[in-house]
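Asks: pasting the sequence and the predicted coordinates here, then a few questions.
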Amino acid sequence: MKITLSPDQIRHLRMRAQRLKPAETKPSIGAAQLLANVCGVQAQEPSAAVLAVWARSRGLVASQVVHARVHERSVVRTWCMRGTLHLLAADDLGWLLPLLGPVFVRKSRRRYAELGLAEEILAEAMCAIQRTLGHAGPLTRAELARQLAEEGIPTEGQAAYHLLRHAGLEGLVCFGPDRSGEPTYVLLEDWIEVRGGMEVDAARAELARRYLAAYGPASPEDFASWSGLSVREARAGFESVLGELLEVELEDSRAWIPKSRAAWLDEPHRGEVVVCLLPGYDAYLLGYRTRDLTVPERYTKRVHPGGGVLRPTLLVDEQAAGTWKQKRRGDNLVVTVAPFESLGAEVIDALEDQVRDLGRFLEFNATLNVAKKPTG
């Protein structure tokens, strides 16, 4: 039997899979389990990554997320999907990095050559990083770059960053504790116990399984865009778990969800308004080949102005309805929302609830300020 879904149904199912519906996350769930459930969150901006956990959790506070990364070490910040920084469950690194790391190392070869990082220099740099961090870590990028430069390794321009990224993708380093607000780097093997290794085919299947549980309904092309795997590899991942999947249709395209979620298709859609404040670079906006279903075309530039920027976004009933920013003033946090169109009273009430909860999470008094003139 063919199952055809409307755009509203697709958005509803995706929001629910991403734990962005209030009832989808139990109050007791910790940061590491949440991140395992949603396959991590992008973390090029650390504060945005912490807010991505807030948007998907109930009862956590920001300090608990930091504690999970720095003290429990059940959460790790390192390079992974798409070769970008992510906040991940530490237990997943043992199979994720061997699967994805080589993909982005291979894709980076041309950039390495432009920076003067030939194969022998990369190998020498990895040995030097391991030796230096093993002896004196944690170190900041600047501190580590000075040590490498003293050994004759190129660190000018973007070279130091790419050396550290390469080390991260190879499972050599990850981010350690911040020092005076600046991130440090540590040896991954000294920071956590890396476990859970898999053969490549099994890891690719597991990633497809996890992706669909966190992002479905989705297609292999969506999976490729999110993960950084080739479309061929993404299709292979889907095919390896096809017996666990249910096919659905949206207009002329096909997508899949886990069969375990089939009951969701028959549940009635709740009538109350759903409001979410997504941080910048949120996984809900980065998890698919396009954002056409979530961001109305006329507002695309408001959310994604170019240059790799993806702004903090207000969702109303699963679609982008504005952007937002926060500013601290003493012990107070002011959240300013710039809506694309005028917001109704019910939306404002739900938005005020969101802002109060954001304040609870960050342990600040938080107030809402809505721009009077819509920006659409």
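Replies: Received, thanks.

Asks: only C-alpha atoms from now on, for both contacts and neighbour counts.
Replies: Fine.

Asks: low-confidence ranges in the stretch 201-350 of the chain?
Replies: Counting by pLDDT under 70, the stretch 201-350 of the chain contains low-confidence ranges at 269-271.

Asks: please enumerate the strands of it.
Replies: Ranges of strands in the stretch 201-350 of the chain, per DSSP state E, counting those that start in this stretch, are 245-250, 253-258, 275-278, 313-316, 319-329, 332-339.

Asks: run a quick neighbour tally on Arg302.
Replies: By other C-alpha atoms under 10 Å, 20 other residues sit near Arg302.

Asks: distance of Trp256 relative to Pro220?
Replies: Using C-alpha to C-alpha, to the nearest Å, we find Trp256 at a distance of 9 Å from Pro220.

Asks: tell me who's in contact with the closest residue to Phe361 other than its chain neighbours.
Replies: Excluding the flanking residues, the one nearest Phe361 by C-alpha to C-alpha, 6 or more residues apart in numbering is Val61, at 4.2 Å. For Val61, the contacting residues are Trp54, Arg360, Phe361, Leu362, Glu363, by C-alpha atoms under 8 Å, 6 or more residues apart in numbering.

Asks: give me the number of residues near the last one?
Replies: Put plainly, it is Glu363. Glu363 has 15 neighbouring residues, counting by other C-alpha under 10 Å.

Asks: pLDDT score assigned to the nearest residue to it once chain neighbours are set aside?
Replies: Leaving out its chain neighbours, the residue that sits closest to Glu363 by C-alpha to C-alpha, 6+ apart is Val61, at 7.5 Å. Note for Val61: predicted pLDDT of 96.

Asks: look up how far Ile29 lies from Val61.
Replies: Distance from Val61 to Ile29, by C-alpha to C-alpha: 12 Å.

Asks: for Arg367, phi and psi?
Replies: Careful, residue 367 is Thr; it's not Arg. phi -130, psi 150 (degrees, to the nearest 10).

Asks: residues contacting it?
Replies: By C-alpha under 8 Å, 6+ apart, Thr367 lies in contact with Asn332, Leu333, Val334, Val335, Glu352, Val355, Arg356.

Asks: contacts only, for the first one.
Replies: The one in question is Asn332. Contact partners of Asn332, counting by C-alpha under 8 Å, 6+ apart, are Phe364, Asn365, Ala366, Thr367.

Asks: who does the closest residue in space to the second one that isn't next to it in sequence bridge with?
Replies: In this case it means Asn365. Residue nearest to Asn365 in three dimensions, not counting chain neighbours: Asn332, with 4.8 Å by C-alpha to C-alpha, 6+ apart. Judged by DSSP bridges, the bridge partners of Asn332 are Arg329, Asn365.

Asks: can we start the residue count at 20 from this point?
Replies: Okay, residue one is now 20; in that scheme the one you just asked about reads as Asn351.

Asks: distance of Asn351 from Lys391?
Replies: As defined by C-alpha to C-alpha, Asn351 lies at a distance of 21 Å from Lys391.

Asks: ok, Gly262 next?
Replies: 51 Å.

Asks: try Glu143
Replies: According to C-alpha to C-alpha, Glu143 and Lys391 sit 58 Å apart.

Asks: in the chain, which residue is closest to the centre?
Replies: Nearest to the mean C-alpha position of the chain, by C-alpha atoms, centre = their mean, lies Val60 at 2.1 Å.

Asks: contact partners for that residue?
Replies: Contact analysis of Val60 by C-alpha under 8 Å, 6+ apart lists Leu54, Ala68, Ala71, Val72, His105, Leu106, Leu107, Asp301, Ala302.

Asks: related to what we said a few turns ago, out of the contacts of Asn351, which is most surrounded?
Replies: That'd be Ala385 among those, by other C-alpha under 10 Å, with 24 neighbours.

Asks: so how far is the host helix or strand of Ala71 off the chain centroid?
Replies: Taking DSSP states H and E as the definition, Ala71 sits inside helix 65-74. Averaging C-alpha positions (C-alpha atoms, centre = their mean, to the nearest Å) puts helix 65-74 9 Å from its chain's average.

Asks: avg pLDDT for that helix?
Replies: Averaging pLDDT along helix 65-74 gives 97.

Asks: figure out how far the helix or strand following that helix is from the centre of its chain.
Replies: Using DSSP H and E, the next helix or strand after helix 65-74 towards the C-terminus is helix 81-86. Distance, stretch centre to chain centre, for helix 81-86: 17 Å (C-alpha atoms, centre = their mean).

Asks: how far away is Gly363 from Leu370?
Replies: Applying C-alpha to C-alpha, the value for Gly363 to Leu370 is 11 Å.

Asks: comparing the two, which residue is more hemmed in?
Replies: The neighbour count for Gly363 versus Leu370, taken as other C-alpha under 10 Å, is higher for Leu370 (23 against 8).

Asks: which non-adjacent residue is nearest that one?
Replies: Val294 is the one closest to Leu370 (C-alpha to C-alpha, 6+ apart), at 6.2 Å.

Asks: and the one you found, what are its bridge partners?
Replies: In beta-bridge terms (that is, DSSP bridges), Val294 pairs with Val335.

Asks: what number of residues lie near the residue nearest to Leu70 when sequence neighbours are not counted?
Replies: Closest residue to Leu70 apart from its sequence neighbours, by C-alpha to C-alpha, 6+ apart: Pro298 at 6.0 Å. When neighbours are defined as other C-alpha under 10 Å, Pro298 has 26 of them.

Asks: in this model Leu333 seems to touch the residue nearest to Leu370, though I could be wrong.
Replies: Yes - with contacts counted by C-alpha atoms under 8 Å, Val294 reaches Leu333, the gap being 7.3 Å.

Asks: okay, now the domains of the protein?
Replies: Per the record, the chain has its domains at 20-137+184-191+204-313, 326-389, by automatic domain parsing.
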